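J.: model this:
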Amino acid sequence: NAGNTRELVVYGQSQGVKMQVQSQLSARSAPVQAKMVVRPHLGKMVVSVRGFPARSLSAPLARQAVTVQRLQRKLVVQAYTNGSAPEKTSQPMNIVFVSAEVAPWSKTGGLGDVVGGLPVELAKRGHKVISIAPRYDQYSDCWDTSVVVNVLGEQVRYFHAIKQGVHRVFIDHPWFLAKVWGKTGSKLYGARSGSDYIDNHKRFSLFCKAAIEATRALPFGPGEDCVFVANDWHSALVPLLLKDVYQPSGQYKNAKVAFCIHNIAFQGRFWPESFKDMALPQKALDRLGFIDGYSKVFDEKSPLDDDAKPTDIMGGPFDKLNWMKAGILASDKVLTVSPNYASEISANAEKGVELDNYIRQVGGAEGIVNGMDVTEWNPKADKYLPINYDKNSVFEGKAAAKAALQAELGLPVDPTAPLFGYIGRLEEQKGVDILLAALPKIKNAQVVILGTGKAKYETLVKGLNTKSTNFKGVVKFSAPLAHTITAGADFILVPSRFEPCGLIQLHAMQYGTVPVVSSTGGLVDTVKEGTTGFHMGAFNPDRMDSADADAIATTVGRAVQVYSTPKFRDMVKACINQDLSWSQPARKWEAILEEVVRGCTAAPAKKASVQTPVQARQALGV
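T.: Modelled structure (predicted):
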């Protein structure tokens, strides 16, 4: 540092890193005189910003200094994770993701993370990628395109941003913006879970039609020659519209569409009367029609009570419309987010939630394990950690995070005490009721629970603070605490009754934290018993079973016994030494979409070359 000069030093083996730094600095007009030093450094690339204390800066320069610090973190991640560029395709595709969520703009769960991360990796591989989502809020980094189209008699506008090579498109209409307005974290579909907005069928009918029109209305759109990827029930009308409306009239004749199931429990079931608002031909009822035994559709007029289960109101039969069923039957390919979940949802009516027959009818679903965001979740650059670390310093870094976590929550600061963390929604799907029932049986360990959800579970979690000095419950959403738990815990608990893929266990392993998981869905594909984690077995999907609580306590006991042995250190190393990014999943996505678009004969071999984390460990013989 000298006066107002900051020095950015880059160590690396690639001029591409130097160019990337210069580009980033130029784009941000940062107050930096960058001295580029490119040197070999143990085969790695290291980026550092040497700065002076913020207190010596004027307010404008202090704000700009923060920009430089953020740039540093971003470049550190890029240097370590993107040291070698992904292979480029020789036949790029026009890929259009249609999704009700896209992180970081909108997210209630894993769907937003997938549509936030996967398109970026496909763009790196040379494809032209667009994601289209509703504009739920005033996104400061997205601009009005001034393009307006009429959809279902409504004027719809498009907002746009380009991020990491991906065109991010947002559909602007009061049905989205006025409904949610500033509450995009949890109220996209209703005021609360089990109480959907009464007009969701109109909102997402408009969304699906506007998403298709975007491809030819926007100047940067691919036109009609593209492959759509529709995601979950909210965009399930995209394949139906293409097959029953557009293609019969000679439009989008070459377009293909894949439909990805992220959670089959949420299907978009509506009363038949809603069909009149959807502007679909009568033949669309063949795919939409459905019969179930529920006397409600769980909307604002007939919400699902927190303490009730859908099975409590069985009767019927009742005629319904089922959007996910239509998406399955109308798409060219059905996908889901892990191979094991693909097998589960086509196996029987219980795990397929009454759609198993339709999945088998179209030849089954193909599963691809999700990747994760290694920019936000990276211990080498995590701004919430007291000490950043990597695989070479994992034990030192985790020890510092653990001490900080114990001190923050009021736990005894004891490095020898095995610490278990739970991060997630407080509801039955995530198994929090089973975990709470197991706690009295857990000995010689500390347990931290972080989350929000149903009121009765929030009360029980808050009450943990008076039960034992070794148990702490925090009922709030807190990104800093979630990151600190992920790094500071020795083990992460994932006791889900069902889990399509799961991200918590991926985040944990990225930080060298050992998962303790139920044996369901993607948890089977991502956590290898005795190597990268512990399995508790499958849990009763419908009710609280004392045997499941015993299974949690027993497995935690096994983990406690391993904690003080050399095997635990081996498990930590096995966890953190994996590539859990989107790099490999994107290769399989690419192969499947090539198969859908062109019938590519090389696709099966490319798909087979992509291994799940568990398969990768098995291939190594561990």
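
J.: how far away is P515 from A284?
T.: Relative to A284, P515 is positioned 43 Å away (CB to CB, to the nearest Å). C-betas here are computed from N, CA, C, even on glycine.

J.: More neighbours: which of the two?
T.: More neighbours surround P515 than the other of P515 and A284, with 25 against 21 (other CB atoms under 10 Å).

J.: Kindly list the main-chain dihedrals of the more buried one?
T.: phi -80, psi 140 (degrees, to the nearest 10).

J.: My read is that it contacts A508, right?
T.: Yes: counting by CB atoms under 8 Å, P515 sits close enough to A508 to count as a contact (5.1 Å).

J.: list residues touching both of the two?
T.: Common neighbours of P515 and A508, using CB atoms under 8 Å, 6 or more residues apart in numbering, are I492, C575.

J.: quick one: contacts for D144?
T.: Listed by CB under 8 Å, 6+ apart, the contact set of D144 reads R157, Y158, F159, D172.

J.: Mind doing that once more with 6 Å?
T.: Applying CB atoms under 6 Å, 6 or more residues apart in numbering to D144 gives the contacts F159.

J.: so it is in which element?
T.: Counting by DSSP states H and E, the element that carries D144 is strand 143-151.

J.: Any buried residues in that strand, and which?
T.: Residues of strand 143-151 classed as buried: T145, V147, V149, V151 (neighbour count, 16 or more other CB atoms under 10 Å).

J.: Among these, which pair sits farthest apart?
T.: Spanning the widest gap among those are T145 and V151, at 15.1 Å by CB to CB.

J.: strands paired with the strand holding D144, and their directions?
T.: Counting by DSSP bridges, the strands paired with strand 143-151 are strand 154-163 (antiparallel).

J.: Just the angle for whatever helix or strand comes next after the strand it pairs with relative to strand 154-163, thanks.
T.: The helix or strand immediately downstream of strand 154-163 is strand 166-172, counting by DSSP H and E. Per axes from the mean of the first three to the mean of the last three CA atoms, to 10 degrees, the angle that strand 166-172 makes with strand 154-163 is 150 degrees.

J.: Show residues contacting the next helix or strand after strand 166-172.
T.: Downstream of strand 166-172, the first helix or strand assigned by DSSP H and E is helix 174-180. Contacts to helix 174-180, defined as CB under 6 Å, 6+ apart, come from residues P134, R135, Y136, K187, R203.

J.: can I assume the third one sits in a helix?
T.: No: if the criterion is DSSP: H, G, I helix; E, B strand; the rest coil, then Y136 is coil and not within a helix.

J.: Check it and give its pLDDT.
T.: pLDDT for Y136: 94.

J.: How much space separates it from K187?
T.: Per CB to CB, Y136 is found 9 Å from K187.

J.: Those two: which is more packed in?
T.: A count of neighbours by other CB under 10 Å puts Y136 above the other of Y136 and K187, at 25 against 16.

J.: what about stretch 421-429, start to end distance?
T.: Length of stretch 421-429, first residue to last, CA to CA, to the nearest Å: 17 Å.

J.: repeat for stretch 587-606
T.: Terminal residues of stretch 587-606 lie 7 Å apart, using CA to CA.

J.: just to revisit the earlier point, quickly check the contacts of helix 174-180 for the two that are furthest apart.
T.: Longest distance between any two of the contacts of helix 174-180 is 14.6 Å, between R135 and K187; criterion CB to CB.

J.: List the buried residues of stretch 611-622.
T.: T612, P613, V614, A616, R617.

J.: Contacts for it next, please.
T.: Stretch 611-622 is contacted by residues V369, D525, T526, K528, T531, Q578 when judged by CB under 6 Å, 6+ apart.
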